[in-house]
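> I need the structure of the sequence given here:
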Amino acid sequence: MNSFNELPLSSPILQAVETTGYTRPTPIQVQAIPPLLQGRDLLGCAQTGTGKTAAFALPILHRLSASPEPRGRRAIRALILTPTRELAAQIVESFRVYGRNLSLKAMAVYGGVGRRPQELKARAGVDILVATPGRLLDLMGTGHVNLKHLEVFVLDEADRMLDMGFIHDVKRIIKELPAKRQTLFFSATMPKAVAQLAGGLLTDPVRIEVAPQATPVERISQSVVFVDQARKDFLLEKMLEDSRFERVLIFTRTKHRADRVAKKLSRLEIAVDAIHGNKAQNARTKALQGFRDGETRVLVATDIAARGIDVNNITHVINYELPNEPESYVHRIGRTARAGKDGAAISFCSGDERDYLKDIEKMIGFPIKVERSHSCHSAEAERGMVNGQAVGTAAKKSQPVVRRPQPQAGKVSPQNRRRRQGQQAGR
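Here you go, the predicted model:
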């Protein structure tokens, strides 16, 4: 399919899509939109960068706009549940862009900001609600959100929902949904728990599995530098002296580390900000907008924020710390090489992260190129060692195998002799 005009979408929606500059639908849009327009449930295994948001937003807009406009207060007819505030803001913006020529109203509700403005807006009436689980339950509990008129339910990033501990909140929300509805279920990965959740939600779904528009090897130059933990800051500083690192996204595993890295870079007079779960929503929004506008050269983030960062022209992703979940690596580096451009992903790997790297390489199916020419390269870290001591798998391999002597046939070992004597004494 070469054009959105070949899809059975209404003219106002097609005109809005045209204004965005998109002309050719992605594979997931080609496969998902026709059955969704027919009212089918959908199970989509799709990672970031596939055009997934438009794949469900466009048919939802088409369906709701085709219904007669409600009299009086608008009722929530579509609910999109997503794990993070950044994703919620990103998705509702997509609905507004694609629905600019329609009379539908969309809003997002999430924590980290005052609840009162969201309550007032929800009470005024809305057609499409994008929400994170916690804030949605709050508004349902106070009676500001009623889902009895819901027609379409989208559970987005289901695997991340489970990773972040939202499974019980999600199940509480599902219990309040009308039995008669269209359900769309999206997940980047499909572990057993996610598949079980999908099985209980969907009825005869269309199944779609789509890889990103380009796999990491195709457009992203990946490399790893083995470096001692104490030298990571120096390595990062040296890399950022290169003017080719124009817009850089740095990932850490913890919120504390993200703040610490950002503070150190700020002392070097580098325009930097940090984004993570402990930041207030207005601070997160401001940091992301500054990065998007180019005012901030470097953004330091944790994995929770990874799937909500949709910024073009990121030249480099740097894994200051490797993720302990290999799937997170793909989501991290997927922030670069967007909109058809090339990008680079550089990972810093200390000795105690060697096993994380092995898990990543096993998942992506090939070894990541090692940059040994850098002055910070550590042969010790490459061997999985920290301060001269092997750690992780390397430690297990270095330990001698202790073989206990086996008692000769017909002879009783001292341990068994004492055991038998004790048993007899107790009789």
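> low-confidence stretches in the stretch 151-300 of the chain?
211-218 (pLDDT under 70).
> try 90
Applying pLDDT under 90 to the stretch 151-300 of the chain flags residues 159-165, 188-193, 209-220, 276-285, 288.
> strands along that one, start to end?
152-155, 182-187, 206-210, 220-226, 248-251, 272-275, 298-301 (DSSP state E, counting those that start in this stretch).
> for Gly21, find the nearest of these.
Closest to Gly21 of those, according to C-beta to C-beta: strand 206-210, at 21.4 Å. Placement of C-beta: from N, CA and C, glycine included.
> name the residues of the closest one that are buried.
Val206, Ile208, Val210 (16 or more other C-beta atoms under 10 Å).
> OK, contacts around the nearest residue to the last one once chain neighbours are set aside?
To tie it back to what came earlier, the one meant is Val210. Leaving aside its sequence neighbours, Val210 sits nearest to Ile28 (C-beta to C-beta, 6 or more residues apart in numbering; 4.3 Å). Residues near Ile28 by C-beta atoms under 8 Å, 6 or more residues apart in numbering: Gly44, Ala46, Thr50, Gly51, Lys52, Ala55, Ile208, Val210.
> does the first one touch Thr189 like I think?
No: counting by C-beta atoms under 8 Å, Thr189 is not a contact partner of Gly44; they are 12.0 Å apart.
> out of the strands of the stretch 151-300 of the chain, which is closest to Gly143?
strand 152-155 (20.0 Å).
> could you name the helices and strands sitting against that closest one?
Using 3 or more C-beta pairs under 8 Å, 6 or more residues apart in numbering; DSSP states H and E as the contact test, the elements touching strand 152-155 are helix 52-66, strand 78-81, strand 182-187.
> what strands flank it, and is each parallel or antiparallel?
Using DSSP bridges, strand 152-155 pairs in its sheet with strand 78-81 (parallel), strand 182-187 (parallel).
> okay, now the closest residue to Asp41 other than its chain neighbours: neighbour count?
Closest residue to Asp41 apart from its sequence neighbours, by C-beta to C-beta, 6+ apart: Pro205 at 4.0 Å. Counted with other C-beta atoms under 10 Å, the neighbours of Pro205 add up to 18.
> could the buried residues of strand 206-210 go into TSV alongside distance to Thr19?
Listed next are the buried residues of strand 206-210 as TSV, based on distance: C-beta to C-beta, whole Å:
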residue	distance to Thr19
Val206	29
Ile208	27
Val210	25
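> show me how far stretch 158-165 is from its chain's centre.
Mean-position distance between stretch 158-165 and its chain equals 9 Å (C-alpha atoms, centre = their mean, to the nearest Å).
> re earlier: and the helices and strands packed on strand 152-155: which comes nearest Gly134?
Closest approach to Gly134 among the helices and strands packed on strand 152-155 is made by strand 78-81 (11.0 Å; C-beta to C-beta).
> pLDDT on the closest one, on average?
For strand 78-81, the mean pLDDT works out to 98.
> and if you look at stretch 335-342?
On average, stretch 335-342 scores 77.
> would you mind giving the domain segments of the chain?
4-210, 216-398 (automatic domain parsing).
> before we move on, the earlier item: so the residue nearest to Val210 versus Ala54, what's the distance?
9 Å (C-beta to C-beta, to the nearest Å).
> which regions of the stretch 1-150 of the chain lie under the pLDDT threshold?
1-2, 20-23, 26, 45-51, 67-73, 84-87, 90, 112-114.
> can we see that at 70?
For the stretch 1-150 of the chain, the stretches flagged by pLDDT under 70 are 48-49, 69-70.
> quick one, strands of it?
42-46, 78-81, 106-109, 128-131.
> ok, the longest one: who's next to it in the sheet?
Read that as strand 42-46. Applying DSSP bridges to the sheet, strand 42-46 is found paired with strand 182-187 (parallel), strand 206-210 (parallel).
> equivalent analysis for the third one, please.
Next to strand 106-109 in the sheet, as set by DSSP bridges, lie strand 128-131 (parallel).
> which residues touch the strand it pairs with?
For strand 128-131, the external contacting residues (C-beta under 8 Å, 6+ apart) are 60, 64, 76-82, 88, 91-92, 95, 104-110, 122, 136, 145.
> what do you get for stretch 227-240?
Contacts for stretch 227-240 (C-beta under 8 Å, 6+ apart): 225, 245, 248, 250, 261, 264-265, 268, 270, 298, 318, 320, 346, 348-352, 374-378, 380-381, 386.
> among the helices and strands packed on strand 152-155, which is nearest Gln281?
Per C-beta to C-beta, nearest to Gln281 of those: strand 78-81, 17.7 Å.
> residues contacting that closest one, please?
56, 60, 64, 88, 91, 127-133, 136, 147, 150-156, 161, 170, 173, 177.
> change it to 6 Å
With contacts defined as C-beta atoms under 6 Å, 6 or more residues apart in numbering, strand 78-81 is touched by Ile60, Ile91, Ile128, Leu129, Val130, Ala131, Leu150, Val152, Phe153, Val154, Leu155.
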